[in-house]
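Participant: Output the structure for:
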Amino acid sequence: MIQLNFDELAALIRCNSHSKNKVNVDQHGEQMIELLAPLGFSLTRYQRDTIGDHLLFHTPKKAGRKVLLLGHLDTVFPEGTFTQFHQDSEWVYGPGVCDMKGGNFVALNALRELRKQCGPLFNIDLLLVSDEEIGSDDSQTLTTELAKNYDACLVFEAAGKDHEVVVARKGIATFDITVTGKAAHAGNHYSDGIDANFALANLLLEMTSLTNLKVGSTVNVGKITGGLGANTISPKASMLVEARFTTQTEQRRLLNGIENICLAIEITGVEISISGGLQRPVMAPTMSQEGLLDEIADILEHPLSVEHRGGVSDANTVSAAGTPTIDGFGPYGDGDHTEHERALKSSFELRTAQVSQILAKWCYETNLKTPPHQASALAPSS
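Facilitator: Model (predicted):
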């Protein structure tokens with residue numbers, strides 16, 4: 001069994017890397033650079049001004065399958081809220097132990113094991129973005145373009161309870177909608193006003209009616225604000241809306257439906273302002289993904305259990321770019337996004353062994369089932 005140094009993970013966990021803490025996210029990035037340098041990786045840094053830099057660690061390329069490993073540097077916990085790490089005989093505890101510093105730790109140790117077994121690394125790159133927990137608004141374009149250079153992608157979000165990998169995730173769209181009406185005195189000039197609150201209420205009812213639980217599609221109005229007081233016709237109201245969907249067909253239906261509802265409500269005299277849109281596309285099972293799972297079953301001599309998840313990750317982005325993608329190669333844990341976050345030590349060991357075994361087969365043997373993808377390298381952004 002592979003032995004891991006969890007004190008090394010502790011150092012990663014104790015470096016706060018809240019998505020909006022650029023200084024510390026970059027400091028955590030430097031930790032990963034230091035750990036990966038001995039394995040022969042070169043670095044392309046995608047510098048950013050207000051969020052952490054995105055980091056692409058890359059190896060020399062030869063004929064054969066090109067594999068992308070994908071993780072993120074940021075966590076959801078602001079500095080001073082949840083920074084402690086501790087461990088017992090079975091579990092490690094702390095911010096990011098399963099989402100997803102723990103997953104990055106699996107990738108790191110799998111690469112170490114691969115280097116030990118097979119010699120110099122090639123055809124394997126690792127992308128660590130800095131803004132996944134806040135929607136990947138900045139990194140999504142970069143990830144999409146980079147994904148086209150690879151024949152397969154493994155993503156290191158947390159595993160399922162029985163070490164399931166993730167083959168499908170819902171897509172998500174978010175909207176910030178503002179309705180502008182006309183203020184008037186509710187007693188003396190009621191008919192002169194145009195009630196933004198009333199229009200917003202109708203929007204809420206119409207949009208949530210798009211929900212279809214049978215096919216996994218939901219529309220949620222998560223926050224509403226509006227009006228000035230009880231004696232005033234509301235001149236302005238706003239709401240935050242989220243839509244989730246499991247298929248591209250449902251993605252189109254909900255996005256078109258929300259747009260059409262907004263257009264229709266304008267005939268009442270209000271003005272509509274809408275921002276936002278598709279945040280992450282659907283990650284749906286594909287034949288090429290199924291082929292990867294079959295190969296993994298042959299390599300490990302048993303199939304991996306699979307699951308679909310309602311939450312999103314950067315796996316959505318890579319999959320939508322056409323790269324066969326499997327998520328959930330991190331450790332099993334629970335309590336993520338809470339101060340009870342923990343991950344199972346034995347899960348780290350299992351996943352590290354599995355990933356190193358998969359990569360050894362894919363990148364170091366010539367009898368590949370998938371032809372190498374010939375794509376030009378993407379120039380780093382400024």
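Participant: next helix or strand past the helix or strand hosting L36?
Facilitator: Using DSSP states H and E, L36 sits in helix 22-36. Next helix or strand after helix 22-36 toward the C-terminus (DSSP H and E): strand 42-46.
Participant: Paired strands for that next one, with orientation please.
Facilitator: According to DSSP bridges, strand 42-46 has the following sheet partners: strand 54-58 (antiparallel).
Participant: can you pull the buried residues of the strand it pairs with?
Facilitator: Of all the residues in strand 54-58, those buried under the rule 16 or more other CB atoms under 10 Å are H54, L55, L56, F57, H58. All C-beta spots, glycine's among them, are computed from the backbone N, C-alpha and C.
Participant: mind putting these in a markdown table, distance to Q84 and pLDDT included?
Facilitator: Output for those, formatted as a markdown table (distance: CB to CB, whole Å; pLDDT from 0 to 100):
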| residue | distance to Q84 | pLDDT |
| --- | --- | --- |
| H54 | 27 | 98 |
| L55 | 26 | 98 |
| L56 | 31 | 98 |
| F57 | 28 | 98 |
| H58 | 34 | 97 |
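Participant: tell me the two of those that are most distant?
Facilitator: Using CB to CB, the pair of the buried residues of strand 54-58 lying farthest apart is H54 and H58, separated by 12.9 Å.
Participant: now, which of the buried residues of strand 54-58 sits nearest D138?
Facilitator: H54 (7.9 Å).
Participant: All the helices of the stretch 1-150 of the chain, in order from the start?
Facilitator: 6-14, 22-36, 101-118, 139-147 (DSSP state H, counting those that start in this stretch).
Participant: Apologies, that question was intended for the stretch 151-300 of the chain.
Facilitator: Along the stretch 151-300 of the chain, counting by DSSP H, counting those that start in this stretch, helices occupy 196-208, 248-265, 287-300.
Participant: for the helices of the stretch 1-150 of the chain, which one ends up most surrounded?
Facilitator: A comparison of these by mean neighbour count, using mean count of other CB atoms under 10 Å, puts helix 101-118 on top with a mean of 23.
Participant: Looking at it now, give me its mean pLDDT.
Facilitator: For helix 101-118, the mean per-residue pLDDT is 96.
Participant: With stretch 323-342 instead?
Facilitator: Stretch 323-342 comes out with an average pLDDT of 96.
Participant: got it, and stretch 21-29?
Facilitator: For stretch 21-29, mean pLDDT is 97.
Participant: Give me the residues contacting that stretch.
Facilitator: Residues from elsewhere that reach stretch 21-29, judged by CB atoms under 8 Å, 6 or more residues apart in numbering: 12, 15-19, 48, 50-53, 55, 73-74, 78-79, 101, 128, 130.
Participant: could you dump that stretch to PDB, C-alpha only?
Facilitator: Taking C-alpha atoms only, stretch 21-29 is exported to PDB below (Å, rounded to 0.1, in the frame of the first residue of the first chain):
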ATOM      1  CA  ASN A  21      -7.700  36.100  -1.300                       C
ATOM      2  CA  LYS A  22      -5.300  36.500  -4.200                       C
ATOM      3  CA  VAL A  23      -2.100  36.800  -2.100                       C
ATOM      4  CA  ASN A  24      -2.700  33.500  -0.300                       C
ATOM      5  CA  VAL A  25      -4.000  31.700  -3.400                       C
ATOM      6  CA  ASP A  26      -0.800  32.600  -5.100                       C
ATOM      7  CA  GLN A  27       1.100  31.500  -2.000                       C
ATOM      8  CA  HIS A  28      -0.700  28.100  -2.200                       C
ATOM      9  CA  GLY A  29       0.200  27.900  -5.900                       C
END
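Participant: Return the distance of that stretch from the chain's centre.
Facilitator: With CA atoms, centre = their mean, to the nearest Å as the basis, stretch 21-29 stands 19 Å off its chain's centre.
Participant: Then stretch 76-86?
Facilitator: Centre-to-centre, stretch 76-86 and its host chain are 20 Å apart (CA atoms, centre = their mean).
Participant: Go ahead and confirm S313 touches I326.
Facilitator: No. Judged on CB atoms under 8 Å, S313 makes no contact with I326 at a distance of 11.6 Å.
Participant: Residues that sit against both of these two, list them.
Facilitator: Counting by CB under 8 Å, 6+ apart, the common neighbours of S313 and I326 are V155, V166.
Participant: Could you check which of the two has the larger neighbour count?
Facilitator: For S313 versus I326, the count of surrounding residues by other CB atoms under 10 Å is larger for S313: 27 against 21.
Participant: Now do the strands in the stretch 101-250 of the chain.
Facilitator: 124-129, 152-155, 165-169, 171-180, 184-185, 218-226, 232-233, 236-245 (DSSP state E, counting those that start in this stretch).
Participant: List the buried residues for the first one?
Facilitator: Pointing back at strand 124-129 there. I124, D125, L126, L127, L128, V129.
Participant: what's the neighbour count on the residue nearest to D336 when sequence neighbours are not counted?
Facilitator: Among residues not flanking D336 along the chain, D99 sits closest, at 4.1 Å (CB to CB, 6 or more residues apart in numbering). A total of 24 residues lie near D99 under the criterion other CB under 10 Å.
Participant: Wait, D99 touches G335, no?
Facilitator: No. If you go by CB under 8 Å, D99 and G335 don't touch, sitting 9.6 Å apart.
Participant: which residues do these two both contact?
Facilitator: Joint contacts of D99 and G335 (CB under 8 Å, 6+ apart) are E341.
Participant: related to what we said a few turns ago, turn the helices of the stretch 1-150 of the chain into CSV, including distance to P303.
Facilitator: Shown next, in CSV, are the helices of the stretch 1-150 of the chain (distance: least, CB to CB, whole Å):
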stretch, distance to P303
helix 6-14, 29
helix 22-36, 31
helix 101-118, 19
helix 139-147, 25
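Participant: Perfect, I'm done here.
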